[in-house]
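Novice: Got a predicted structure here, sequence first:
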Amino acid sequence: MNTASPSGLTASLKCRSYTITRKPQPSLRVMCNSLNGSTIAYPASVPDAKRRETEKTLVAERDPTRVLTLGERMRFGRLLKDRFAYKESFVIRSFEVGSNKAATMETMLNLILETSYNHAQSWGWAKEGEFPTLPSMDKYRLSWANYQMHVEMNKYPAWGDVVEIEHWCEVEGEIAGRFDYIIKLLSTNEVIGRATSKWVMINKDTHKPQKINKQVWDEYLAFCSKPSRLAFPEENDKNLKKIPKLNDPAQYSQLGLVPRRSDLNMNGHVNSVTCFSFLLEV
């Protein structure tokens, strides 16, 4: 993973700018979600067509026999018409911003991962208390592991802003899945960030990478975007490029980092967001 911060520190992700542009908040309109009685606030600048698109469409339309959880009903996410892409909106909360009153990179990474999990859950893959996986992955005791990630933020949302994250799946060679993301500021529909990531499968028992067999691969391909699309324009797509080696000795280094219990996820792993937090501390 690559990054270049304004201070010149090399880390795991790349951000074009840390500058936050604060604009007056536009007036809001409120639309009632008739499915669950909740309300969604939309800026007056958002056209009617956009509001109609944003109205929740639930996976129950695909599988009427599946009972939606309360969390799914309260979630502001939905599959798009092609059923391959998924969008979800998030309000930036006070504890997700830093001293500059803007969302931190850790916040954006957590929201990106949350969108991925909720997308998979919308297909009915999730089991209670576990990360969503393909049915065939359960059969072979497989789980996803983030191998490489590239994120670029043009600016960061402020406290109270609403961001919309679009997520879809792609193929990365024959051994990995690719998850792409586009991040928008819902009030203006402005693209403020893009991300792309490479994921491999690991065995839940050995915790080692495992080659994807045909049954799992065919099942994954059924959920990939058609036609294929990239979050970054093709000429600027850096996910496929090999990460350059750092100079030795490194300009900054810290040894002896030990994960805390609170750094472990449900699979007992230190995830990519925690690793990035370690890099920021260095």
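Specialist: Good, I have the coordinates.
Novice: For residue 84, give me its contacts.
Specialist: Listed by C-beta atoms under 8 Å, 6 or more residues apart in numbering, the contact partners of residue 84 are 168, 169, 223, 224, 225, 226. Backbone N, C-alpha and C define where each C-beta goes, glycine included.
Novice: Confirm the last one sits in a helix?
Specialist: What that stands for is residue 226. No. Residue state for residue 226 (DSSP: H, G, I helix; E, B strand; the rest coil) corresponds to coil; a helix is not indicated.
Novice: neighbours around it, how many?
Specialist: Look at residue 226: counted by other C-beta atoms under 10 Å, it has 10 neighbours.
Novice: Tell me how far the closest residue to it other than its chain neighbours lies from residue 230.
Specialist: Distance criterion C-beta to C-beta, 6 or more residues apart in numbering; nearest residue to residue 226, sequence neighbours excluded, is residue 84 at 6.5 Å. Plainly put, residue 84 is 14 Å away from residue 230 if you go by C-beta to C-beta, to the nearest Å.
Novice: In which helix or strand does residue 151 reside?
Specialist: The secondary structure element spanning residue 151 is strand 142-153 (assigned by DSSP states H and E).
Novice: Would you mark the buried spots in whatever helix or strand comes next after that strand?
Specialist: Moving toward the C-terminus from strand 142-153, the next helix or strand (DSSP H and E) is strand 162-172. In terms of neighbour count (16 or more other C-beta atoms under 10 Å), strand 162-172 has its buried residues at 162, 163, 164, 165, 166, 167, 168, 169, 170, 172.
Novice: thinking again about what came up before, okay if I get the contacts of residue 84 as TSV plus pLDDT?
Specialist: Conversion of these to TSV gives the following (pLDDT from 0 to 100):
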residue	pLDDT
168	92
169	88
223	80
224	84
225	78
226	75
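Novice: ok, of the residues you listed, which one's closest to residue 202?
Specialist: Sorting the contacts of residue 84 by distance to residue 202 puts residue 169 at the head of the list, at 17.8 Å, by C-beta to C-beta.
Novice: for the nearest residue to that closest one once chain neighbours are set aside, what are its contacts?
Specialist: Taking C-beta to C-beta, 6+ apart as the measure, residue 169 lies nearest to residue 224, with 4.9 Å between them; neighbours along the chain are not counted. Residue 224 makes contacts with 84, 168, 169, 170, 171, as judged by C-beta under 8 Å, 6+ apart.
Novice: Same question for residue 216.
Specialist: Taking C-beta under 8 Å, 6+ apart, we find residue 216 in contact with 134, 136, 137, 140, 142, 201.
Novice: now with 7 Å?
Specialist: When the contact criterion is C-beta atoms under 7 Å, 6 or more residues apart in numbering, the partners of residue 216 are 134, 136, 137, 140, 142.
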